[in-house]
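Give me the fold of what follows.
(one chain, ligands or ions: 2)
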Amino acid sequence: MARERTFVMAKPDAVQRGLIGEIVSRIEERGLKLVGGKFMQIDDELARDHYGEHVDKPFFDDLTTFITSGPVFAMVWEGQDATRQVRQMMGETDPADAAPGTIRGDYALDLGRNVIHGSDHEDPGANEREIDLFFDEEELLDYERIDGEWLY
Ligand code: RTP
Ligand code: MG
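Numbers count the residues shown, from 1 in each chain. Ligands and ions are numbered 1, 2, ... in the order given. Next up, the predicted model:
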């Protein structure tokens, strides 16, 4: 499996509930490498771009209202098969279906407030598109970790 970068976000409910550290920690401990992070407020235009695939869905307005309702912590993580690995750690979209041990399965109850976003691994290029949307190139850092040879 190739090394790649993926976009991840602690959603406004995760920020409000003090779960940023938990989310970062889980991904870090799994073995992925943090290459970018930004505490930020999403505006309506960015929300509509980011969730553009859902523009015709009945839940679109609720989704953009929620994601702009407070600060988020946007991140880029790098590692082997990173997009799919993060999606597995997140669990199913609806927390009612998310397995215990996944981030949503452990921390969320509500479909509209499901704590974390990760790029869709079934949508080719979604990771790069989302990284470009949220980060400038110079905000992503190339560096070696001291334990790099033990990581993926
Ligand atoms: P996300 O993009 O936020 O990481 O979530 P996801 O890939 O697991 O799910 P997606 O299908 O992309 O849906 C985006 C967000 O929209 C809300 N949603 N509501 N009412 C509904 O039927 C419905 N379906 C999806 C969820 O909050 C989901 O995270
Ligand atoms: Mg999605």
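
Kindly list the longest helix within the chain.
In the chain, assigned by DSSP state H, the helix with the most residues is helix 20-30.

The next helix or strand after that helix vs helix 20-30, what angle?
Next along the chain after helix 20-30, taking DSSP states H and E as the criterion, comes strand 33-40. Relative orientation of strand 33-40 versus helix 20-30 (axes from the mean of the first three to the mean of the last three CA atoms, to 10 degrees): 170 degrees.

Buried residues in strand 33-40, which are they?
33-37 (16 or more other CB atoms under 10 Å). Yep, even glycine has a C-beta here, placed from its N, CA and C like the rest.

Can the longest helix of the chain be said to contact ligand 1?
No - Helix 20-30 stays clear of ligand 1 (CB under 6 Å from any ligand atom), getting no nearer than 12.4 Å.

Output that helix in PDB, but only the C-alpha positions, please.
Taking C-alpha atoms only, helix 20-30 is exported to PDB below (Å, rounded to 0.1, in the frame of the first residue of the first chain):
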ATOM      1  CA  ILE A  20      -9.500  17.100  20.000                       C
ATOM      2  CA  GLY A  21      -6.800  15.500  22.000                       C
ATOM      3  CA  GLU A  22      -8.500  12.100  22.000                       C
ATOM      4  CA  ILE A  23      -8.900  12.200  18.200                       C
ATOM      5  CA  VAL A  24      -5.300  13.300  17.600                       C
ATOM      6  CA  SER A  25      -4.000  10.800  20.000                       C
ATOM      7  CA  ARG A  26      -5.800   7.800  18.500                       C
ATOM      8  CA  ILE A  27      -4.500   8.600  15.000                       C
ATOM      9  CA  GLU A  28      -1.000   9.300  16.300                       C
ATOM     10  CA  GLU A  29      -0.900   6.100  18.200                       C
ATOM     11  CA  ARG A  30      -2.100   4.100  15.200                       C
END
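
Which elements pack onto it?
Applying 3 or more CB pairs under 8 Å, 6 or more residues apart in numbering; DSSP states H and E, we find helix 20-30 packed against strand 3-10, strand 33-40, strand 72-80, helix 82-90, helix 103-107.

try 7 Å this time
Contact partners of helix 20-30 among helices and strands, from 3 or more CB pairs under 7 Å, 6 or more residues apart in numbering; DSSP states H and E: strand 3-10, helix 82-90.

closest to ligand 1 out of these?
helix 82-90 (6.9 Å; CB to the nearest ligand atom).
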